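K.L.:
model this:
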Amino acid sequence: MALCSHSSLKLNNLLLSCSSFRNKPSLSNSNATLSLLSYSPKLSVFTTSHSHSHSHSISIRASSSSSSSSTTLVEPEGIKINSVSTKPIEGQKTGTSGLRKKVKVFMQENYLANWIQALFNSLPLEDYKNGLLVLGGDGRYFNREASQIIIKIAAGNGVGKILVGKDGIMSTPAVSAVIRKQKAIANGGFIMSASHNPGGPEYDWGIKFNYSSGQPAPESITDKIYGNTLSISEIKVADIPDVDLFSLGVTKYGNFSVEVVDPVSDYLELMEGHETGQRIPDLSHDRDENVFDFPLIKSLISRPDFRFVFDAMHAVTGAYAKPIFVDKLGATPDSISNGVPLEDFGHGHPDPNLTYAKDLVDIMYGENGPDLGVASDGDGDRNMILGKGFFVTPSDSVAIIAANAQEAIPYFQSGPKGLARSMPTSGALDRVAEKLNLPFFEVPTGWKFFGNLMDAEKLSVCGEESFGTGSDHIREKDGIWAVLAWLSIIAHRNKDKKSGEKLVSVSDVVKAHWATYGRNFFSRYDYEECESEGANKMIEYLRDLISKSKAGDKYGSYSLQFADDFTYTDPVDGSVASKQGVRFVFTDGSRIIFRLSGTGSAGATVRIYIEQFEPDVSNHEMDAQIALKPLIDLALSVSKLKEFTGREKPTVIT
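P.N.:
Here you go, the predicted model:
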């Protein structure tokens, strides 16, 4: 393969000419004498390698269209550190889960590099100097190139070691788990993912930083990052070759090293359970212990009268599904569908909901469907739970897990410390907290708001209506954890059932829960990629409306209890998050909530949440869309959504 000329090729031609190298394994796997070039977009970092002599040379410079320059700063321990001049780039403010844009945006000159350098400029030196950082991602398009950029900038800023998943793969929950396992020396980690958004050259990419407890960086850090992106002038880059991410082991460059690790092993070690009835060591202060009773779960999965299917949606959990569910828990290989992670998720949308996981829904609602069907998203932190012909809403799911945690999951044998949900999530979890006399917290959307509560020993189980469920075993929502929790509940309910006896089903568990706690009918309407101007005008209109509202105002047959724009004061550090969602709460407990999502990469996603509590068991099996229709009609009317956005119908209904 001929060496690509930096000066003569435009970006598109360069990517095209060098694309054949992109998916190749490490150079050491080739016996031929090769001269190869890898291109790292944004930094225009070119690395050549000659396999027969193992010699490397690197040239870091701006692209041919830029006047940027590169100067050598220092050469510590044999590594040359170059300073690449750069300029601020607009639009690098993070949303609720990091910075997300289209791939082509990140591939612009220095776009990713600016943000990574701004991060290092925002952290105290002791948080990374000579320290360990973790790196992983969901396997989507551009992750491999981004890995090389991040590694070189980390080395350039004095990081001592990068721990990276093989081929750059590591789920978001696993990154959090690895940071926590390495907490004596780990300072945090990078997660390359746009979560549930589609992947591929025309679609989405994202980056976020998780801090030393494994939690998403707090706003105090992300605000500093954004501020530094507005004034950045140089990027510090180590003059080292691209790292072989395909082979396990340690590579050293002077006082900097990169260790490529199995992305599954540490996470599996955390999940793997104990013998049934065996007492887990005291978890009252540090719950980073094994979580589930694997022998109990295996006894369920191995039953001939129980069928289980896991749809990995060609996303990162495909790398975890076989080692956990097949190799450890005895599921049959055909239980895993779409189990190979692909850079474009098989041309799919890796969002585990009733719309985008249609293949799984069709299986579960088909004739003779399996007993439990589950799916996870792009980076493995979300989940969907289905029984035979039965959908479990995420709001119900977290409430049911919390209600059954102490008896079904060894990690919670002493009981949960507290429960929490995001503000738009239904009040089903509130009722569990009240009945179990547990502390309860309502927080804004965004998993980072749970982290402080967990670190302060105030919270054990939490969830979001956006298919995110988790606990304080890590500091991220965790799709596989939720699946294992449901398997634990079903296994516990059926542990004394003999072969041939009717098993307690998913729907049985949910209906029994409703009979005890009442049912919170809940639905969410998503209007994706709306024009930002119209969506923002709608929210401003609603804010003006609530500023004039008062208790007792009539909205159709509903009487207003209060209306506000949700503000949260963190009970641990006193920080305040405002403008987190416009709420209309009525005297019968019904709610309508309006938010603009911060997890998209383009335009604005308008989300409407509709909820109504129903204590009467005779009404519990009503279809949610029928039960909620008066509130849905009211929400559309009050918001003037069609007038502001031009949308006739939602993209997704859950």
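K.L.:
burial measure for Gly78, as a count.
P.N.:
11 (other Cβ atoms under 10 Å). No exception for glycine: its C-beta is placed from N, CA and C like everyone else's.
K.L.:
go on, Ile593?
P.N.:
Other residues close to Ile593 by other Cβ under 10 Å number 22.
K.L.:
for it, grab phi and psi.
P.N.:
phi -130, psi 140 (degrees, to the nearest 10).
K.L.:
can you pull the pLDDT of the nearest residue to it once chain neighbours are set aside?
P.N.:
With sequence-adjacent residues excluded and distances taken as Cβ to Cβ, 6 or more residues apart in numbering, Ile593 is closest to Tyr609, at 4.1 Å. For Tyr609, the pLDDT comes out at 97.
K.L.:
likewise Asn13?
P.N.:
At Asn13, pLDDT is 30.
K.L.:
how about Ala186?
P.N.:
For Ala186, pLDDT reads 84.
K.L.:
try the one 10 residues further on
P.N.:
At His196 the predicted local confidence, pLDDT, stands at 90.
K.L.:
got the buried residues for stretch 408-425?
P.N.:
By 16 or more other Cβ atoms under 10 Å, the buried positions in stretch 408-425 come out as 408-412, 416-425.
K.L.:
off-centre distance for that stretch?
P.N.:
Put simply, stretch 408-425 sits 19 Å off its chain's centre (Cα atoms, centre = their mean, to the nearest Å).
K.L.:
do the same with stretch 86-104
P.N.:
Per Cα atoms, centre = their mean, the centroid offset for stretch 86-104 relative to its chain is 17 Å.
K.L.:
over to stretch 634-644?
P.N.:
30 Å.
K.L.:
what comes into contact with it?
P.N.:
525, 527, 534-535, 537-538, 541-542, 545, 555-556, 558, 584, 592, 594, 606, 608, 610, 647-648 (Cβ atoms under 8 Å, 6 or more residues apart in numbering).
K.L.:
redo that, cut-off 10 Å
P.N.:
Residues from elsewhere that reach stretch 634-644, judged by Cβ atoms under 10 Å, 6 or more residues apart in numbering: 523, 525, 527, 530-531, 533-542, 545, 555-558, 563, 582, 584, 586, 590-594, 606, 608-610, 628, 645, 647-650.
K.L.:
buried ones among the residues you listed?
P.N.:
Burial by neighbour count, judged by 16+ other Cβ under 10 Å, picks out 523, 525, 527, 530, 534-535, 538-539, 541-542, 555, 558, 563, 582, 584, 586, 590-594, 606, 608-610, 628, 645, 647, 650 from these.
K.L.:
and the spatially most central residue of the chain, what pLDDT?
P.N.:
Taking Cα atoms, centre = their mean, the centroid of the chain lies closest to Asp381, which sits 4.4 Å from it. Note for Asp381: predicted pLDDT of 96.
K.L.:
pull out the buried positions in stretch 444-457.
P.N.:
Those would be 444-454, for stretch 444-457 by 16+ other Cβ under 10 Å.
K.L.:
make CSV out of these and add pLDDT, distance to Ile480 and secondary structure.
P.N.:
Formatted as CSV, the buried residues of stretch 444-457 follow (pLDDT from 0 to 100; distance: Cβ to Cβ, whole Å; DSSP: H, G, I helix; E, B strand; the rest coil):
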residue, pLDDT, distance to Ile480, secondary structure
Pro444, 94, 25, coil
Thr445, 91, 22, coil
Gly446, 86, 21, coil
Trp447, 89, 16, coil
Lys448, 86, 21, helix
Phe449, 90, 22, helix
Phe450, 94, 18, helix
Gly451, 91, 19, helix
Asn452, 90, 24, helix
Leu453, 95, 22, helix
Met454, 95, 19, helix
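K.L.:
the residue nearest to Ile593 against Tyr525, yeah?
P.N.:
Yes - here Tyr609 lies in contact with Tyr525, judged by Cβ atoms under 10 Å, at a distance of 8.1 Å.
K.L.:
from the buried ones among the contacts of stretch 634-644, which land in helices?
P.N.:
Judged by DSSP state H, the subset of the buried ones among the contacts of stretch 634-644 located in helices is 534-535, 538-539, 541-542, 645.
K.L.:
just the buried residues of stretch 408-425: which are in strands?
P.N.:
Using DSSP state E, 419-422 are the members of those that sit in strands.
K.L.:
any chance of the residues you listed in CSV, plus pLDDT?
P.N.:
Shown next, in CSV, are those (pLDDT from 0 to 100):
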residue, pLDDT
Leu419, 98
Ala420, 98
Arg421, 98
Ser422, 97
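K.L.:
so which of these comes closest to Asn114?
P.N.:
Distance to Asn114, by Cβ to Cβ, is smallest for Ser422 among those, at 30.8 Å.
K.L.:
remind me which residues of this structure are low pLDDT?
P.N.:
1-70, 72-77, 96, 184, 273-289, 598-602 (pLDDT under 70).
K.L.:
coming back round to it: among the buried residues of stretch 444-457, which pair sits farthest apart?
P.N.:
Thr445 and Met454 (16.9 Å).
K.L.:
ok so, going back, who's in contact with the residue nearest to the centre of the chain?
P.N.:
So, once contact is read as Cβ under 10 Å, 6+ apart, Asp381 ends up touching 97, 138, 171-176, 191, 193, 195-196, 316-317, 447, 467-470, 474, 476-482.
K.L.:
for the residue nearest to Ile593, give its distance to Trp115.
P.N.:
31 Å (Cβ to Cβ, to the nearest Å).
K.L.:
I figured Gly156 hits Val237, correct?
P.N.:
Yes - contact criterion Cβ under 10 Å: Gly156 and Val237 qualify, at 4.5 Å.
K.L.:
ends of stretch 249-258, how far apart?
P.N.:
By Cα to Cα, to the nearest Å, the extent of stretch 249-258 from end to end equals 8 Å.
K.L.:
list the buried residues of that stretch.
P.N.:
251, 253, 256-258.
K.L.:
what about Thr654, neighbour count?
P.N.:
20.
K.L.:
ok, now which ones touch it?
P.N.:
Applying Cβ under 10 Å, 6+ apart to Thr654 gives the contacts 351, 353-355, 384, 391, 393-394, 465-467, 522-526, 624.
K.L.:
those in helices, which ones?
P.N.:
394, 624.
K.L.:
can you say which of the contacts of Thr654 are buried?
P.N.:
By 16+ other Cβ under 10 Å, those give 351, 353, 384, 391, 393-394, 465-467, 522-526, 624 as buried.
K.L.:
sec struct for Glu145, please.
P.N.:
Under DSSP: H, G, I helix; E, B strand; the rest coil, the three-state class of Glu145 is helix.
K.L.:
that one touches Asp242, doesn't it?
P.N.:
Yes - contact between Glu145 and Asp242 holds when scored by Cβ under 10 Å: they sit 9.2 Å apart.
K.L.:
tell me which of the two has more neighbours.
P.N.:
Shown here are Glu145 and Asp242; by other Cβ under 10 Å, Asp242 has more neighbours (27 against 23).
K.L.:
next one: the residue nearest to the centre of the chain from Pro173, what distance?
P.N.:
6 Å.
K.L.:
overlap in contacts of the two?
P.N.:
Going by Cβ under 10 Å, 6+ apart, residues that sit against Asp381 and also against Pro173 are 316-317, 470, 474, 476-481.
K.L.:
what's the most distant pair in those?
P.N.:
Val316 and Gly470 (16.0 Å).
K.L.:
of those two, give the one with the bigger neighbour count.
P.N.:
Between Val316 and Gly470, counted using other Cβ under 10 Å, Val316 has the larger neighbour count: 33 against 28.
K.L.:
ok, that one to Gly168 distance?
P.N.:
According to Cβ to Cβ, Val316 and Gly168 sit 10 Å apart.
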